[in-house]
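> Please work out how this folds:
(chains A, B and C)
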Amino acid sequence: MTVAAVAGAERTLDVQGLSKSFPVPGASLLHRKMLRAVDDVTFALKQGTVTALVGESGSGKSTVARLISRLYTPTGGSILYRGEDVGAMHGKQELLQYRSRVQMIFQDPFSSLNPVKKVDYHVSRPLLIHRIVPKADVLDRVHELLHSVGLVPAEEIAKKYPHELSGGQRQRVAIARALAVEPEVILADEPTSMLDVSIRLGILNLIHDLKRERNIAFLYVTHDLASARYVADDVLVMYAGQIVEHGPTDEVLQRPMHPYTKLLLSAVPNPNAGLHSHRLAPRPKTDLAVDLVGCRFAERCPLAVASCVSDPPVLLERRPNHLVRCPIVDPST
Amino acid sequence: MSQIQPLDPVNVPAAPVELARVGGPEREGAGRRRFHLPGWLRLLLSNPKSRGGIIVLSAIIILAIIAPWIAHGNPNDFSLLDARQSPSFHHLFGTTDQGSDIFSQVMWGARTSLVLGAAAAALATVLATTLGILAAYSGGVVDDIINLITSVFLVIPTIPLLIVVSSYMHTRSGLTMVLILGLTLWGFEARILRGQALALRNRDFILSAKVAGEGTWRIIFGEFVPNMISRIAAAFVLVFYIAILTEAGLEFLGLGDMNHASWGVTMYWAQVNSSFLQGEWWPFLFPGIALAATVAALVFILAGVDEVSNPRLRKDRKRHGVFRSLFVGGRRAAPAVEEGK
Amino acid sequence: MNAALEDGTTAPAVARETLVELRELVVDYVLSGRSIRAVDHVNLSVGKGEIVGLAGESGCGKSTIANAIMQLLRAPAQVTSGEIRFRGEDLTKMSTEQLRQFRWSNVSMVFQSAMNSLNPLMRVGDQFVDMMKAHRKISKDDALARAATLMELVGMDRSHVRSYPHELSGGMRQRTVIAMALALGPELMIMDEPTTALDVVVQREILQRVQDLQQDLGFAVLFITHDLSLLVEFSDRIAIMYAGEIVESAASDVLFERPQHPYTVGLMSSFPPLSGPRERIVGIPGSPPDLAKPPAGCRFHTRCTHCDPASPALYRRQTTERPVLREVGPGHLVACHLTDER
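Now for the predicted structure:
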C-alpha cells in the first residue's frame, strides 16, 4: 500500500475553520459555559483517499463527522461540498442530494441497525428514497450490495434480523447501506472499535478496496493509531477540539512533532517493550469547558513553557506538507 | 457497478436462538389447513398468555355481537314490579332498582362500551404517539410548542370542559363522546411516549435513517413506532379502561345518549342508588366482571405484543398446528421438532 | 501446595501457591431441547500474585469462565462437569452464605462497562459503604474513610468520593470500579475487558496503576481481553481460547516469540504494526463458529490456513479428531494436530 498521491487528487469536501460549541448542561442560567467541542478545524477530503482523524474520546473527532453529515449545525466556519456551502442548503431536494453524496457509518454495530427490521429493509431504504433503481430491481441491487461487502449468501443474509448477525456482519450491512447511494464521501465514525480484533482487519481491508475501486473519499475517525496507519493516507491528530498535527501518515506517525502525538504513540501497547518503559506522566485535571487562552495541551506537556499558557498556538507548516500546532517543537529532529 | 470480490466470505451462522417462523409455507403441523394467518397473529397465538387473552376478548366480542339474540328486550325497559331482584332464571343477572334486566344491559352495553372504549383509546393513542414522538425527535421549538399544548390539555379540568362542550353541542352522539374522551385522555400518554422516544432518539439507527435521507414522518412511523409498540399498546389499554369509566360520568352530564346501555352507566346508577348498601351486589358485579375481564384480556394480549414487536424476545416454542394448540392447550411433550437444517 | 504445572506455569524459583484451579470445566447453556457448550473441558490455574491473561474473541467462553469462578452463572448457563477450586475448596459445593463471603473478599471482579457496576443514583462513596457493610462490620465513617483512601490508591482525588457516577469520565469510573474491587483486599481480581471502552492513553494509565498496586499488595489478576498485544505487555502467562477451548498457553514472552497455534499466530498478526512496512494483512479468514454446531474435529480447521486436503492424513485428523493440549516446551501447551506432527 503506497501513500496515495494526495496533492493531485480532487478535493471533494472542504472543511474550513469549523467550530461547534455546546452549552454545558447543568450550568446556571446566568453563567452559561460553552464547551468548545470543535475549534477551528480545517482540512479537505479528496477522492480516492482515506483521511484519518485521530484523538481520544472527547477530542471532538466524532463531532466533526457529525457536523459534516449535518447531524449537528456548526457554530462557526463552513463546510464546502464541491465548492457549495453545505450549511446554506435548506431545500429538501438540495439536502437529499447532499445525503446521496455523503454517507456515514457509525461506531456501534449493535445500535446502528433498527432491531425490528430485516437487513433487506436497511439496505433498500436508501435505494428507494433516492430512487437509485426502479422498484422492481431493488431486491437484486440489495443482494449485489451485500455481496460486494462480503456478505454471502446474500439472499439468506438479507432476510435476517440484526441480532442474528455478528458485529462484523452488522458493520458490513451498515457499509452496504452507505454504498447503496453510490456516495462520494463516506464518514466512518470508529467503525471497528467495537468489533473483534480478527474482524477489524476485514473491515479495514474493505475500506481500502472501496477507496481504490470506487474512488470514494473516506474520513476514518478513530482512537487507534495502528489502524489509522494501516488504512489512511493522511492523518489529523485532534486534541481538545483542535487539530494539533496534520500530514501524510508516515510523516506524522514515524516523525511526529507534537508532544501529544508522541504521547499517543507511546501509549499504544507495544509487545516489544514492557509497560514500564513507557511510563506516562500523571495527568492533571483538565477542564475543557474553561476558556483556555493558551495551548490546551500545556498542562500535560513535558515541553511547556510560560508562553504556552498565554499565547494560543497556531497550526503552521513546519515541514513540507506537515502542519503542527506547537511553536516550540524543533522540526529538524 | 464494479463488484469487489468478497474478501473473506463470511459464513452465515445458524441463528443461535430459533425464531418462531413467521408465516410462510413451511409451517409444520398445519398442512391440512389452507388459510395463512398473518405472522403477528401466529405469534400472539403461540404465547400462552396472549392466547388466553385473545380467547377471552373474542368471547366478549362475540357476546356483544349476538346480544340481540341472547338478551331479549330492551335493556332500558323498566318495570317497577321486577325491581331489585337478585339473579334468577328469568333475570340471569338480576334487575336494577328500576326493574331493568341487568343481563340485557351487560350484553347490549358491551357494544357501546367496547366500541366507545376502543375508538377513544385509538384517538388518544394516535394523538399521543404522533405528538409525543414528534416532540422528542424534533426537539427545540417544536418540542416546546407540543409540550405547551400537552400541558394545556392536561391541566384543563375534564368536567368543566365537558360542561362547556355540552352546552355547545346539540347533537348527542357517540362520536361526540369519542372525541371528548380522546381529546382529554391523550395528554399523559404523550408525556410518557415522548420520554421513551427521547431515549431512542440518539440511537445510531435513528441517526442513520436521517443521514440516509429519510423524512421526519417516515422516521417517526417507520423507525420509532416499531420500537415502541409495547408501550404504545399499553397506552391503548390504559386509555381504553379509563374511557369506559369516564363515559359513565359523561352520560350523567347528559352528553351521551341516555338510551344506550353501557357498562359504565349500569355501574354508575348502581353506585348512585347505593345498591351495595342495600345488599344488592349484582348491579356492580356483572358489569364489573365484564369490564375487568375485557381489560385483563387486553393486558394478557400485551404480554404477547412484546414478542411481536421485538424479534429478540421470540421464544422457540415447539410448534403445533395453531388450532390444535387452542383446544389441547399448553405445550405438548411432542417429539422435538427439528428446527433448521 | 505445588504450583499446578498442567497448564503451563513457567516453574519459577519459588513455587507459587495455587489460588484458583479449574479442572476439566464444562459449562453449557441449556435451551429447550438443545444445549450449547460454552466452555469445553478447560483446565486453568492462577497462582498467588500472578497475572494470567485469557485472550479470545467474543463468544469464545472467556467471560463465561470469569462468571463461573465468581459463581455468577445463571440459568440457562450451568456447570455441567468439572471443578472450580479456590485454595482447594470446591466452589460449586459452597453454601450461599459461604459464597457471599467468598465473593469480593477473596475474589473480586471488574467488568467492562463501569456504568454497569455503578448505581447511577448513588454517590460513589455511598456505594463503597454499602459494599463494605455487606461484608464486614464497619461504621459508615470508617467505610467512607477507607473509600477515600482507595480512591487515592487508584489515582483519583479523594473528593470524588462525593461524586455521582455520571459526573466522572469513563476512565475515572473505571478506576472507581477497580478501587471497589480492591476494597476488601481480595487475593484475586478478575478483570473482564476493563479497558476496552477506554482510549489508549487512559488504558495505559490505568493498567500502569494496576500493575503498581499489584506489586504492592500482591494480589493475582486474571485479565480477560481480546487485545493480545496488551496481554503480552501486561501479564506473566497467557492462555488463548477459541470456541470454548484453550488452544495454547505459555509464558507471555514465549507466546510472543514462538506462537505455535495457527489461531494465535493469526491473532497476533491481526494487530497492524506501528512501524515497519505498510502491507496488506489478511488476518484470520472467516468468522467465529456457531457454538451450537461447532466444526467437527479441530474447531479452528475451517479458518485455518494449514488445513488442506492436499495432505490427506493430516486433513483427516483435523476434520475428525479433536486436538489435545500437549506440552511443546517448558510450560508451553498447544492443542494442534499440525504441531503434533512436528
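> so is the residue in the stretch 1-150 of chain C positioned nearest to chain A in a helix, a strand, or just coil?
Closest approach between the stretch 1-150 of chain C and chain A, counting by Cβ to the nearest Cβ: C:E57, at 4.0 Å. For every residue, glycine as well, the C-beta is placed using N, CA and C. Recorded secondary structure, C:E57: coil (DSSP: H, G, I helix; E, B strand; the rest coil).
> cool, the one 3 residues further on as well?
C:C60 falls in the coil class when you classify it by three-state DSSP.
> residues touching B:A199, list them.
Contacts for B:A199 (Cβ atoms under 8 Å, 6 or more residues apart in numbering or on different chains) come out as none.
> what mean pLDDT would you report for the one helix or strand it maps to?
For B:A199, the host element (DSSP states H and E) is helix B:187-201. Helix B:187-201 shows a mean pLDDT of 91.
> How far away from the center of its chain is that helix?
Here the centre of helix B:187-201 is set off from its chain's centre by 19 Å, with Cα atoms, centre = their mean, to the nearest Å.
> how near is the residue of the stretch 1-150 of chain C closest to chain A to A:I199?
8 Å (Cβ to Cβ, to the nearest Å).
> out of those two, which sits in the busier spot?
A:I199 (27 against 23; other Cβ atoms under 10 Å in any protein chain shown).
> SS state for C:Q174?
C:Q174 is classified as helix under three-state DSSP.
> So what's the residue count around it?
Neighbourhood size, C:Q174 [other Cβ under 10 Å]: 28.
> residues touching it, list them.
Taking Cβ under 8 Å, 6+ apart, we find C:Q174 in contact with C:110, C:114, C:194-195, C:198, C:202, C:206.
> Below-threshold pLDDT in chain A: ranges please.
Residue ranges of chain A with pLDDT under 70: A:1-10, A:25-32, A:272-292, A:333.
> which residue is nearest the middle of it?
A:V221 (2.5 Å; Cα atoms, centre = their mean).
> Strand partners (parallel or antiparallel) of the helix or strand harbouring that residue?
Using DSSP H and E, A:V221 falls within strand A:217-222. Next to strand A:217-222 in the sheet, as set by DSSP bridges, lie strand A:50-54 (parallel), strand A:185-189 (parallel).
> Determine which of the ones you listed approaches A:P302 most closely.
Nearest to A:P302, of all the strands paired with strand A:217-222, is strand A:50-54, at 20.1 Å by Cβ to Cβ.
> Next secondary structure after that closest one?
Later in the chain than strand A:50-54, the nearest helix or strand by DSSP H and E is helix A:61-68.
> Remind me what that next one packs against, helices and strands.
Contacts defined by 3 or more Cβ pairs under 8 Å, 6 or more residues apart in numbering or on different chains; DSSP states H and E place helix A:61-68 against strand A:11-23, strand A:34-46, strand A:50-54, strand A:185-189, strand A:217-222.
> a markdown table for those, including distance to A:L165?
Output for the helices and strands packed on helix A:61-68, formatted as a markdown table (distance: least, Cβ to Cβ, whole Å):
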| stretch | distance to A:L165 |
| --- | --- |
| strand A:11-23 | 31 |
| strand A:34-46 | 30 |
| strand A:50-54 | 25 |
| strand A:185-189 | 19 |
| strand A:217-222 | 23 |
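> So what would you say the end-to-end distance of stretch B:37-56 is?
19 Å (Cα to Cα, to the nearest Å).
> Please spell out which residues along stretch C:142-156 are buried.
By 16 or more other Cβ atoms under 10 Å in any protein chain shown, the buried positions in stretch C:142-156 come out as C:143-144, C:146-148, C:150-151, C:153-156.
> closest one to A:Q107 among the strands paired with strand A:217-222?
A:Q107 sits nearest to strand A:185-189 of all the strands paired with strand A:217-222, at 5.3 Å, using Cβ to Cβ.
> returning to that earlier point: tell me which of the strands paired with strand A:217-222 sits nearest to A:L95.
Checking those against A:L95 by Cβ to Cβ gives strand A:185-189 as the closest, at 15.0 Å.
> buried set for the closest one?
Using 16+ other Cβ under 10 Å as the test for burial, strand A:185-189 gives A:185-189.
> Next, format these as CSV and append distance to B:R201.
Listed next are the buried residues of strand A:185-189 as CSV, based on distance: Cβ to Cβ, whole Å:
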residue, distance to B:R201
A:V185, 25
A:I186, 24
A:L187, 20
A:A188, 22
A:D189, 17
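> mind checking how far A:P109 is from chain C?
From A:P109 over to chain C the distance is 12 Å, taken as Cβ to the nearest Cβ, to the nearest Å.
> residues near that residue, how many?
Count around A:P109 with other Cβ under 10 Å applied: 26.
> and it, that one's in a helix?
No. Counting by three-state DSSP, A:P109 is located in no helix; its state is coil.
> Leaving out chain neighbours, which residue sits closest to it?
Excluding its sequence neighbours, the residue lying closest to A:P109 (Cβ to Cβ, 6 or more residues apart in numbering or on different chains) is A:R170, at 3.7 Å.
> pull the helix or strand with minimum mean pLDDT from chain C.
Taking mean pLDDT, DSSP states H and E as the measure, helix C:114-117 is the helix or strand of chain C with the lowest mean score, a mean of 74.
> How much space separates A:A88 from A:Y98?
Distance from A:A88 to A:Y98, by Cβ to Cβ: 11 Å.
> go on, C:A134?
Distance from C:A134 to A:Y98, counting by Cβ to Cβ: 56 Å.
> Which residue of those two possesses the greater neighbour count?
A:Y98 (18 against 11).
> That one and A:M89 touch, don't they?
Yes. Counting by Cβ atoms under 8 Å, A:Y98 does reach A:M89; the two are 5.8 Å apart.
> which other residues reach whichever helix or strand comes after the strand holding A:V221?
From strand A:217-222 onward toward the C-terminus, using DSSP H and E, the following helix or strand is helix A:225-231. Helix A:225-231 is contacted by residues A:50, A:52, A:54, A:192, A:200, A:204, A:207-208, A:220, A:222, A:235, A:249, A:253, A:264-265, A:268, C:200, C:271-274, C:278, C:281 when judged by Cβ under 8 Å, 6+ apart.
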